[in-house]
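Enquirer: here's a sequence, model it:
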Amino acid sequence: MKTKYTVALSMLAGVAIGVVAVEGLQAQGKPKAYVITELETLDPSAATAFTPVAGAAQAAAGGRSLRTAGGKVVSLEGGAAPSRVGLTEWDSIEQAQAFYKSKAWTDLSPQRDKAVKTIRRYVVEALN
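Expert: Below you'll find the predicted structure:
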């Protein structure tokens, strides 16, 4: 009789471990997202002041800057390259969208509008 209980408890423990493992894998399986922002600098000193503030707001919301905002941009095909490009990694498209609709981001509008002109901003989901 004890053997039946041992086998039954072992099976239940195995199922419980399996459920936890599957939930963990599903959470890991969500594709990352990347926000690409094409910018034109309006005021270099204002842009220098704005960049760390914007980066801190993104980091607080879970974004990870790929530190491209001041880097060289070279066009390979198509039209002219924008003068400045920012790339930010997010855990999901939903997280990125939530940040760009958030109060934290909209509160930065006056400072952002003095520093840079956003030409285009979009989010791309990475495939696993």
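
Enquirer: stretch 92-103: how far from the chain's middle?
Expert: Relative to the centre of its chain, stretch 92-103 is centred 8 Å away, using C-alpha atoms, centre = their mean, to the nearest Å.

Enquirer: do stretch 106-119 as well
Expert: Distance, stretch centre to chain centre, for stretch 106-119: 19 Å (C-alpha atoms, centre = their mean).

Enquirer: mind listing what's buried along that stretch?
Expert: Within stretch 106-119, the residues that qualify as buried are Leu108, Arg112, Ala115, Val116, counting by 16 or more other C-beta atoms under 10 Å. No exception for glycine: its C-beta is placed from N, CA and C like everyone else's.

Enquirer: the last one and Gly62, how far apart?
Expert: Right, the one you point to is Val116. 22 Å (C-beta to C-beta, to the nearest Å).

Enquirer: local confidence estimate at Gly70?
Expert: We note a pLDDT of 79 for Gly70 in this prediction.

Enquirer: in a strand, it, correct?
Expert: No. Using DSSP: H, G, I helix; E, B strand; the rest coil, the assignment for Gly70 is coil, not a strand.

Enquirer: which outside residues touch stretch 35-44?
Expert: 47, 63, 69, 82-88, 90, 96, 100, 114-124 (C-beta atoms under 8 Å, 6 or more residues apart in numbering).

Enquirer: domains in the chain, by residue range?
Expert: 1-30, 31-125 (automatic domain parsing).

Enquirer: hey, least reliable of the ones you listed by pLDDT?
Expert: Of all the domains of the chain, the minimum mean pLDDT falls on domain 1-30 (a mean of 55).

Enquirer: buried deepest among the domains of the chain, which one?
Expert: Highest mean neighbour count of these: domain 31-125, a mean of 15 (counted as mean count of other C-beta atoms under 10 Å).

Enquirer: can you give the distance from that domain to the centre of its chain?
Expert: Once both centres are worked out by C-alpha atoms, centre = their mean, domain 31-125 turns out to sit 11 Å from its chain's centre.
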